[in-house]
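Q: Got a sequence here, can you model it:
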Amino acid sequence: MSKDSTINKIAVFTSGGDAPGMNACIRAVVRNATYHNIEVMGIMKGYEGMIDGEIIPMNSRTVSNIIHRGGTILKSARSKRFMDYEGRKKAFEHLKANAIDGVVAIGGDGTFRGAQVFSNEFNIPFIGLPGTIDNDLSGTDFTIGYDTAINTAMEAIDKIRDTAAAHERLFFVEVMGRDAGFIALRCGIASGAEDILIPEIETDLEALSQKLGNKKHKDSMIVVVSEGDDAGDAFKISSYIRERHPEYDIRVTVLGHVQRGGSPTCMDRMLASRMGMEAVNALIDGKKNVMIGIINDKLHFTPFDSATKHHTRIKPYLKEMMEVLSI
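A: Next up is the predicted model:
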């Protein structure tokens, strides 16, 4: 691939919630750009750093030994100032002062919404890479960080199952997923949960109570709850069940931000590396305002407004697995 002469220097940043694999993605962006003789700048702290001019030079050496690290070496932040035109104007002035020809944005739907508005106002091409543990963006089978998050949650639930069985307890385990239940669904199925409660399916607490009542013969029970479930959080749901089943020894565990941390899995490192490389190629090819995704192992480009507005639906076979395998 020959380098487009209009792309001489690019910037890369991470924004929103951190996700395992972001560092692998940064590394791939920097090294592929270097391969094509394109200068790379790193923007610290997302849009906040863009507004404040926290922009640093990067090269192949600055991204050595980061592929295995969780979090993000460029840090991350949510920026209210970027929502105002004056904030975006300051960000543009810093990009212009650094002669930035294109930007790679690693984040979720909020990151892409900001990029869409900014690019339309100031005509700087953005390429988005889906970095979020929630796996809730359309246009890709999996997002960067999702595989690590579900494995982290699954391993935690396996450990909880051990102590639940030892004491014959019922555990409600809350996992991340404010708007989407993909983490709960997959780690729940993989850990043999007795039930899985997710935002996409309305929760019938009375039906849950009856279902758990029919499982009194089991020496342990696990109910995985997505934090965004319509019936409430794990504490509220467990209180409802406790009132109807005083015979159960019930405990609640909230996994929280442990799901965001840790060394990324091999799958996340590979996905992030491929997407990072393709982001540079996309800028060279003149693409703009699209999110890069991988569907059935093939590259897909989804416009930002489609990636942010249309969340992925739960696949029917996953619903069937959840219902059948938890009996």
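
Q: CA atoms for contacts and neighbours, from now on please.
A: Noted.

Q: for the strand or helix carrying residue 156, which positions count as buried?
A: Using DSSP states H and E, residue 156 maps to helix 146-167. Using 16 or more other C-alpha atoms under 10 Å as the test for burial, helix 146-167 gives 146-154, 156-158, 160-161, 164.

Q: Partner strands of the following helix or strand past it and their direction?
A: Scanning forward in sequence from helix 146-167 by DSSP H and E, the next helix or strand is strand 169-175. Applying DSSP bridges to the sheet, strand 169-175 is found paired with strand 221-226 (parallel), strand 249-254 (parallel).

Q: Reformat those strands as a markdown table; add mean neighbour count and mean pLDDT.
A: Formatted as a markdown table, those follow (neighbours: other C-alpha atoms under 10 Å; pLDDT from 0 to 100):
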| stretch | mean neighbour count | mean pLDDT |
| --- | --- | --- |
| strand 221-226 | 27 | 96 |
| strand 249-254 | 16 | 96 |
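
Q: Tell me the spacing between residue 17 and residue 279.
A: Separation of residue 17 from residue 279 (C-alpha to C-alpha, to the nearest Å): 20 Å.

Q: who's more crowded, these two?
A: Using other C-alpha atoms under 10 Å as the criterion, residue 17 and residue 279 rank with residue 279 on top: 28 against 19.

Q: Can you give the distance from the helix holding residue 156 to the centre of its chain?
A: Centre-to-centre, helix 146-167 and its host chain are 20 Å apart (C-alpha atoms, centre = their mean, to the nearest Å).

Q: the inter-axis angle of it versus strand 169-175?
A: With axes from the mean of the first three to the mean of the last three C-alpha atoms, to 10 degrees defining the directions, helix 146-167 sits at 160 degrees from strand 169-175.

Q: hang on, the earlier thing: so can I have JSON lines of the strands paired with strand 169-175 showing distance to residue 237?
A: What follows is the strands paired with strand 169-175, written out as JSON lines (distance: least, C-alpha to C-alpha, whole Å):
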{"stretch": "strand 221-226", "distance to residue 237": "9"}
{"stretch": "strand 249-254", "distance to residue 237": "10"}
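
Q: Tell me which of those lies nearest to residue 314.
A: strand 221-226 (13.8 Å; C-alpha to C-alpha).

Q: you'd agree residue 292 is up against residue 279?
A: Yes - Residue 292 is within contact range of residue 279, at 7.0 Å (criterion: C-alpha atoms under 8 Å).

Q: So for these two, which residues contact both of them?
A: 127-129 (C-alpha atoms under 8 Å, 6 or more residues apart in numbering).

Q: Among these, which one has the most neighbours?
A: Using other C-alpha under 10 Å as the neighbour test, those are led by residue 128, with 31 neighbours.

Q: Over to the spatially closest residue to it that is not a sequence neighbour: give its phi and psi.
A: Nearest-residue entry for residue 128: residue 291, 4.3 Å, with adjacent residues in sequence omitted and distances by C-alpha to C-alpha, 6 or more residues apart in numbering. The phi/psi pair for residue 291 (degrees, to the nearest 10) reads phi -100, psi 130.
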